[in-house]
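>>> When you get a sec, could you give me coordinates for this:
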Amino acid sequence: MLTRISIYVELTSTRLELAVFSGGMRTQARGERYSPPETSTDLAEVLRARHATLSGWVAELGLTGASATLVFTTPTTTCSIVSLPAAVTGAAASQAARLALSDLAGYPTASHPSDTQTLLTDLAPWARPGSSGGNVMSHIVACVEHETTCALLAQWVGSCGLRVERMIPAVAGPIAACVRGLHAIGGEPTPATRAQLWLGEHESFLLVGGPTGLALYRPLGIGVESFVEALLRPIQPRTPGSATVTIDRASARSIMSRHGVPAAGDLVDQRNDITGAGLLPLLSPVLQRLAVEVKQSVRFGLSEKDRAGLGVTLTGPGAAIPRLAEVLSGLCQSPVTVSTTQPAPASGEPGSATDGNIAALSVCTNLELSLLPTQMQGERMARSARRSLRVGLVAALAMVCTYAAWSWLALDSARAQRQGLSAGASSAQQQQEARRASSAAGVATNQASRLIADAVGPSPEWASVLAGLAQTIPTKVTVTSLELNDLEPSGEPVARLAGTMLASDDAAFAADLRSLIAQLESLPAVSGVKMGGTSRSGGSRSDPSTPIALDSFSFDLSVTLVNLPYAYVAPGAFEPPQAVAPAPSTDKPLAGQPDGVSP
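Purely as a prediction, here's the structure:
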C-alpha cells in the first residue's frame, strides 16, 4: 500500500517553513525565522529574498518537481467563517458567503480568486442575546486573495522547484481544525458549551460551540508576535537608576518561549539584568487587550445560560507560552486551560509543522479550499477535460472493437458451418441444416445491426420519403423548395415543402390542397402534416389538359416524418420455412425485389 506524502510550504511576514508529511506524520522539516519588513515592501522583493532559501531546501530534500500546498498570509488575505441559515444551500450559499466576504475584504471577490466550503451545520438553533430563538445555521469558511498576489506566489513556488497543487490562507487550517474539535476537546465528547482560543503567530480567533454546533466565531487581532513586538521596546533593568536596554527580535522570541509571562521577581536575562518586573509593564497592554476581546465576544455573542460556567481552551502556538493560560484566567475571570492535545515543539525545531498552521492543516484532510490564480485554474480544467475525453474515446473504441470482433466471429462461424453443410447437402435433412445455419447467420446479422443502430441512432428513410412525395404530388403542383431536416429541437425529422398549385378559384385550391395533405398523411413514412401559409401567387396559366385559365396559388407544408432504426431486419425473416411447399404466386415482384419473394 502506497503511503500518501504531503508537502507544505508556509510563508508569512516572519516565517518560511517547508515540511514533509508521510502517512499523517511529519518526516522532514526546514524553517527560517526573520524580522518583518520595517516599511511596506513590494511582495515581489520579499519573494526574491526567500527564493534561494526555499530552492536550497527543495534540492537538499530531493523534492524537485513534487506537488506542494502553499500556506500563506499577506496583508490582503481575508479568511473567515460566514454563518447562513441552513435552508440556504449549494450555489446560493456559496454566493451569499462570497458577498459577505467582499464586505470583510474591502474589495469584490468576483474578480479575484476565492473559495468557500461548508464546515458545520448546527443540529439545533442557538439562543442569541436579546432573542427568544434562532435559526439552524450552516457555517461556511470563505477566503479571498488578490489575483496578482496569487499569481506571484504560484510563480515563486514554481521557480523554487515545486509544483503548486493548492494555495490556502494560513488561518484556514486552524479554523477547520478547531471546528472539527468542537465535539472532542481534550479527547472526550464535549458535554457542554466550550470555547477554543487559537493564538497563532499573527492571526488568532475565538470559537465557541458545543454538541449542537457552532455558537460564535470572532477573529482577534493579537498573536504571539504581538508579545514579541512589545518586548522590543526599551526595558527597565532591575538595578534602580540603570539605563534602559533593548533586545533584538530573536532574544524577545527566546524570552517568550522560555519564560512567557514571568512573575515580577523572576530573573529573565542575567546579562542585561532584566527581571519580570521590567517585562510586565510591556506585556500587560497586550494581555489586557486579549482578555477584553475574549470577554466582550462572549458577553455579546452568547446567552446568559451559555455563558454560565464557560471554560476556555487555549490552543495554537500561543498555548506553549509559559503562564499565559494562568494569567488569562485571572483577567477573563473564567478558567483558561491549555489543550491536552497541544504538542510541545522540541528546541530548535520549526514550530508551524508541530503546533501551528501546517500542523492544523495536515489533520484536516477534508478541507478542499484553494486560491489558485485564474489562469492556472483554467489550465487545470482544460487538462482534466482533455484527459476525460481521451479516456472516454478509448473506452468507446474498445467497446466497439469488442462488439465488432464478437459479431465477426459469430458470422464467420455461421458462414463456415453453412458452407460445410451446403457442400454435402444431398437430402432434405441436409437442406434443413443449411437453412438453420442461414438462420443463425441472419440472427447474428440482426444483432450486429441492432448494435450499429444503437450507436448511430434512428433516422428517417429518406429514399422512401422522396419516392412517396414523387408519387403523391400531382402534376398541377410545382415544388419550389424541399428542405429535409432530422435535427429539429423536438427530436422529430421534418420535411418542409413549398410549392405552387394551379386551381380555378379559392374553393378548388382549398379542396385540392386538402386532398394533397390527405395523400401525404397516408404515406407510411409520414406521421403528420401541418399546413403553413397560403397565398395567391398572381397571374394565370392554362392547363394543357383543359382550356380553362387557372390561377396559381402558393402554399407551405411541414411534413413530420417517422424515425426508423439504422438497420432493420423483419422478425422471422431468418426463421426456417415450414415443410409444406409454398403455393405458386401470381403477383409480380416489386421493383428491386428478387423474383419469388412476396412483398
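
>>> I figured F72 hits Y8, correct?
No: using Cβ atoms under 8 Å as the test, F72 is too far from Y8 to be in contact (10.8 Å). C-beta: built from backbone N, CA, C; applies to glycine.

>>> higher neighbour count, these two?
Neighbour count, other Cβ atoms under 10 Å: between F72 and Y8, Y8 has more, with 25 against 20.

>>> Check what pLDDT that one gets.
We have a pLDDT of 95 for Y8.

>>> Could you report the distance from it to V88?
33 Å (Cβ to Cβ, to the nearest Å).

>>> What values do phi and psi take at the nearest residue in space to E165 that is not next to it in sequence?
Closest residue in space to E165, ignoring its immediate chain neighbours: S67 at 4.0 Å, by Cβ to Cβ, 6 or more residues apart in numbering. For S67, the backbone dihedrals (degrees, to the nearest 10) come out as phi -80, psi 140.

>>> Please apply the same query to P237.
Per-residue torsions, P237: phi -70, psi 170 (degrees, to the nearest 10).

>>> Let me know the secondary structure of T74.
At T74 the chain is in coil, as set by DSSP: H, G, I helix; E, B strand; the rest coil.

>>> For it, which non-adjacent residue is spatially closest?
The spatial neighbour of T74 that comes closest, neighbours along the chain excluded (Cβ to Cβ, 6+ apart), is T149 at 5.7 Å.

>>> pLDDT (mean, whole number) over the host helix or strand of that neighbour?
In this assignment (DSSP states H and E), T149 forms part of helix 147-159. The average pLDDT within helix 147-159 is 94.

>>> Can you report phi and psi for I140?
phi -120, psi 130.

>>> Roughly how far does it sit from V71?
Here the criterion is Cβ to Cβ. By it, I140 lies 20 Å from V71.

>>> Also T246?
Taking Cβ to Cβ as the measure, T246 falls 32 Å from V71.

>>> Neighbour count: those two, which is higher?
V71 (26 against 12).

>>> partner residues bridging that one?
E10, I168 (DSSP bridges).

>>> How about G209?
According to DSSP bridges, the partner residues bridging G209 are R194, L214.

>>> quick one: secondary structure of A405?
Assignment for A405 (three-state DSSP): helix.

>>> picking up where we left off before, could you double-check that the residue nearest to T74 sits in contact with L43?
Yes: using Cβ under 8 Å, T149 is in contact with L43, at 6.3 Å.

>>> and for those two, which residues touch both?
Shared contacts of T149 and L43 (Cβ atoms under 8 Å, 6 or more residues apart in numbering): T74.

>>> which of these two has more neighbours?
Set T149 next to L43 and count neighbours by other Cβ under 10 Å: T149 wins out with 20 against 16.

>>> contacting residues around the more buried one?
With Cβ under 8 Å, 6+ apart, T149 has these contacts: L43, T74, T76, T77.

>>> N135 should be in a helix, yeah?
No: going by three-state DSSP, the assignment for N135 is coil, not a helix.

>>> Longest strand in this protein, by number of residues?
Assignment by DSSP state E gives strand 526-542 as the longest strand of the chain.

>>> residues in contact with that one?
Applying Cβ under 8 Å, 6+ apart, the contact partners of strand 526-542 are 465, 468, 492, 500, 502, 506, 509, 513, 517, 520-521, 548-562.

>>> from the residues you listed, which would you call buried?
When neighbours are counted using 16 or more other Cβ atoms under 10 Å, the contacts of strand 526-542 contain these buried positions: 465, 468, 500, 502, 509, 513, 517, 520, 550-557, 559-562.

>>> Give me the subset of the residues you listed lying in helices.
Counted as lying in helices by DSSP state H, out of those, are V465, G468, F509, L513, I517, L520.

>>> follow-up on the earlier one: tabulate the CA atom coordinates of the helix holding T149 in PDB.
In PDB, the C-alpha atoms belonging to helix 147-159 read as follows (Å, rounded to 0.1, in the frame of the first residue of the first chain):
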ATOM      1  CA  GLU A 147      -5.300  37.900  -8.400                       C
ATOM      2  CA  THR A 148      -1.900  39.500  -8.800                       C
ATOM      3  CA  THR A 149      -0.800  38.200  -5.300                       C
ATOM      4  CA  CYS A 150      -1.900  34.600  -6.100                       C
ATOM      5  CA  ALA A 151      -0.100  34.700  -9.500                       C
ATOM      6  CA  LEU A 152       3.200  36.000  -7.900                       C
ATOM      7  CA  LEU A 153       3.100  33.300  -5.100                       C
ATOM      8  CA  ALA A 154       2.400  30.500  -7.600                       C
ATOM      9  CA  GLN A 155       5.200  31.600  -9.900                       C
ATOM     10  CA  TRP A 156       7.600  31.900  -6.900                       C
ATOM     11  CA  VAL A 157       6.900  28.300  -5.700                       C
ATOM     12  CA  GLY A 158       7.300  27.000  -9.200                       C
ATOM     13  CA  SER A 159      10.600  28.800  -9.700                       C
END
